[in-house]
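Student: I'd like to go over a predicted model; first the sequence, then the structure.
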Amino acid sequence: MSSFRTAVTPSRRAGNRFISAVRRTLQKAFTDEAAKSGLTQAELARRLGVHRSIVTRELRGVENLTLRSVAELAFGMGRRAELTLVEPGIKLGTNMSYDIGGAGVTSPPGQVPAKTSSASVSVDSTATIAKGGNITSKVLVSDQ
């Protein structure tokens, strides 16, 4: 009997979680900008010179995000994207977890992040994606 279970490596899991966090950050920035200035996906697409369906697919998760598309979407919203990588702080064998955007995401073994002085991954000065200063990497989409 064959099994359809597939193993997800810790590196693949970390990559998927990071991509999800980036997408959530972009979605939050878009909804904040839409509430503040009435920005629509059609207007964002016009600013970027692409069809609205491309913006929709990128924000919904149907289209793969590239670093370029993240930067372009942020630019179209009048913001700037930044990426910071932080070394992990706790070694293998520990049973620690961290929280990404209140989602209760548990870190993969050996990937528990170090404490950082700034714990926020923000789309403005108040929104955070990590609590308690624990995060392995962060993406900032901030006002320019």
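Tutor: Thanks, I have it.
Student: Packing partners of the helix ranked longest in the chain?
Tutor: The longest helix of the chain (DSSP state H) is helix 10-37. On a contact count with 3 or more CB pairs under 8 Å, 6 or more residues apart in numbering; DSSP states H and E, helix 10-37 meets helix 52-60, helix 67-76, strand 137-143. Backbone N, C-alpha and C define where each C-beta goes, glycine included.
Student: Buried deepest among these, which one?
Tutor: Greatest average neighbour count among the helices and strands packed on helix 10-37 goes to strand 137-143 (a mean of 19), per mean count of other CB atoms under 10 Å.
Student: contacts for stretch 37-49?
Tutor: Residues outside stretch 37-49 that contact it (CB atoms under 8 Å, 6 or more residues apart in numbering) are 30, 33-34, 51-52, 54-56, 59, 72-73, 75-77.
Student: Report the buried residues of that stretch.
Tutor: 39, 41, 43-45, 47-48 (16 or more other CB atoms under 10 Å).
Student: And for stretch 24-40?
Tutor: Buried residues in stretch 24-40, counting neighbours by 16+ other CB under 10 Å, are found at 24-26, 28-30, 32-33, 39.
Student: Wait, Gly78 touches Glu33, no?
Tutor: Yes - Gly78 lies in contact with Glu33 (CB atoms under 8 Å); the separation is 7.1 Å.
Student: related to what we said a few turns ago, how about the contacts of stretch 37-49 in a markdown table, adding distance to Arg17?
Tutor: Shown next, in a markdown table, are those (distance: CB to CB, whole Å):
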| residue | distance to Arg17 |
| --- | --- |
| Phe30 | 20 |
| Glu33 | 25 |
| Ala34 | 26 |
| His51 | 29 |
| Arg52 | 28 |
| Ile54 | 24 |
| Val55 | 23 |
| Thr56 | 23 |
| Leu59 | 18 |
| Glu72 | 23 |
| Leu73 | 20 |
| Phe75 | 25 |
| Gly76 | 25 |
| Met77 | 23 |
